[in-house]
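Colleague: below are the sequence and a predicted model for it; my questions follow.
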Amino acid sequence: MIRIGKIVATHALQGAMVMTHIVGNAKWLKKGDALMLEMHKGSYIPFFVENCKANNDEEYIVNLEETVSMEAARRLIGKHVYVNEDVLGKFAKNSPLLWMGFKVIDKNKGELGIVDDMMQTPTQWIAQMNYKGKEVLIPLVAQTIEGIDLKKKTLHLDLPEGLLEVYL
């Protein structure tokens, strides 16, 4: 599962909710898709989309099955939303924000760590992670990305020699 967003507010009186997301596209969510809400740390409950409408590329108004009142929807505010990789399909490859939590594997050094955060600059995305106890920033440009495996949650890179040593 990939964390894609959060329930941030109720909408109207019939249990609709505002869900923000980081997919960067308003066409990925469809009726019948399962959204996994993290009800408690490490405890995920599936909710099926009954209806959804994109406000923009970062926000949906969603109705979930069995959430038919404002009170029921209010209990879900603040919950993190996860989806299976299959739901995102082609959109995950185009949105580096979805790579948070992915394992970084360098072609020469092997496993480096887990992506903790992503930042966007005007020219590229940058992954933040811990490497040998230090916070490092890794530029994610076409020349360094060898592949992305959504199922295994791995990001395969070919980093320039000496990049990581700058931090040590």
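Modeller: Structure's in. What do you need?
Colleague: let me see the contact set for Val141.
Modeller: Gln124 (Cβ atoms under 8 Å, 6 or more residues apart in numbering). Yep, even glycine has a C-beta here, placed from its N, CA and C like the rest.
Colleague: just name the shakiest helix or strand of this protein by mean pLDDT.
Modeller: Least confident helix or strand of the chain, by mean pLDDT, DSSP states H and E, is helix 91-94 with a mean of 62.
Colleague: what is the neighbour count of the residue nearest to Met1 when sequence neighbours are not counted?
Modeller: The shortest distance from Met1 to any non-neighbouring residue, by Cβ to Cβ, 6 or more residues apart in numbering, is to Tyr82 (4.1 Å). Other residues within reach of Tyr82, judged by other Cβ atoms under 10 Å, total 18.
Colleague: Ile138 too?
Modeller: 23.
Colleague: what residues are up against it?
Modeller: Val104, Ile126, Ala127, Gln128, Met129, Thr144, Leu157, Leu159, Leu163.
Colleague: quickly list the domain ranges of the protein.
Modeller: 2-89, 96-167 (automatic domain parsing).
Colleague: which stretch among these is buried most, on average?
Modeller: Greatest average neighbour count among those goes to domain 2-89 (a mean of 17), per mean count of other Cβ atoms under 10 Å.
Colleague: just how off-centre is that domain within its chain?
Modeller: Its chain's C-alpha centre and that of domain 2-89 lie 13 Å apart, by Cα atoms, centre = their mean, to the nearest Å.
Colleague: next: stretch 153-163.
Modeller: In terms of Cα atoms, centre = their mean, the centre of stretch 153-163 is set 20 Å apart from its chain centre.
Colleague: do the same with stretch 141-151
Modeller: In terms of Cα atoms, centre = their mean, the centre of stretch 141-151 is found 16 Å from the chain centre.
Colleague: got the phi and psi for Arg74?
Modeller: phi -60, psi -30 (degrees, to the nearest 10).
Colleague: repeat that for Ala72.
Modeller: phi -70, psi -40.
Colleague: do Lys153 as well
Modeller: phi 50, psi 50.
Colleague: now do the strands in this protein.
Modeller: For the chain, the strands defined by DSSP state E occupy 2-11, 16-21, 34-40, 43-56, 59-64, 80-83, 103-106, 110-120, 125-131, 134-140, 145-149, 154-157.
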